[in-house]
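Participant: Give the three-dimensional model of this entry:
(chains A and B)
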Amino acid sequence: KNEVEQSPQNLTAQEGEFITINCSYSVGISALHWLQQHPGGGIVSLFMLSSGKKKHGRLIATINIQEKHSSLHITASHPRDSAVYICAVRTNFGNEKLTFGTGTRLTIIP
Amino acid sequence: NAGVTQTPKFQVLKTGQSMTLQCAQDMNHNSMYWYRQDPGMGLRLIYYSASEGTTDKGEVPNGYNVSRLNKREFSLRLESAAPSQTSVYFCASGPRGGRDTQYFGPGTRLTVL
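Facilitator: Next up, the predicted model:
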């Protein structure tokens, strides 16, 4: 079993829909990252959080440390949001490393 | 401010050939990383460098060597390429590693025949 599991693996939605992508992890963590990988392959960091909730534009990330679960929400989705969304965790082991999920491929249809 | 740059963008090698992937960052970050990305798998850490002069193995270091030439540059070398090393390679940097946002290069698509 992977330490970081994402669901769904693939998600197709209509423009304007509210999107939720989930990330569950099985180890103690000190931080969780959400990243976006564009269709062209580039990877950008969206959020880093260790508790609560963060918002940036139409994107909202939440984390529940007790339940070992995080969600990424996109409001008023747009075709330009089509990308692979990746969850990654930094464990409590005191090192620099991140462990990545396999990603959720999101396609928004106009 | 170019961020993280990688060269080359694409490379085709024959089994047994060697090559070095170059990575440089201009953000004065302490930590630098090399990852590989394969279909159906998450990014996997090959090697990382927490600071200039130090390097450590990641999850999949076999078949690779690295050099942290200075604070800006972190290179990845394949001494004798194998088809299993066909992958997309990403370099990343960050102020303090997993405790901070990591910034990724554009990637190198490597095919080993």
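
Participant: Which strands or helices does whatever helix or strand B:Ser75 lives in pack on?
Facilitator: Per DSSP states H and E: B:Ser75 is located in strand B:74-78. Packed against strand B:74-78 by the contact rule (3 or more CB pairs under 8 Å, 6 or more residues apart in numbering or on different chains; DSSP states H and E) you find strand B:19-25, strand B:31-37, strand B:44-49, strand B:64-68, strand B:87-94. For the C-beta atoms, the positions are set from N, CA and C on the backbone; glycine is no exception.

Participant: of all the residues in chain B, which ones are close to chain A?
Facilitator: Proximity of chain B to chain A, by CB under 8 Å from any CB of the partner chain, involves residues B:31, B:40-45, B:48, B:50, B:56, B:58-59, B:88, B:90, B:92, B:96-104, B:106-107.

Participant: Could you list which residues are in contact with residue 102?
Facilitator: I'll assume chain A. A:Asn2, A:Gln6, A:Gln9, B:Gly40, B:Met41, B:Gly42 (CB atoms under 8 Å, 6 or more residues apart in numbering or on different chains).

Participant: actually it's chain B I care about, not the one you picked
Facilitator: A:His33, A:Ser45, A:Leu98, B:Tyr33, B:Ala92, B:Ser93, B:Gly94.

Participant: Give me the distance between the fifth one and B:Phe104.
Facilitator: In this case it means B:Ala92. Relative to B:Phe104, B:Ala92 is positioned 5 Å away (CB to CB, to the nearest Å).
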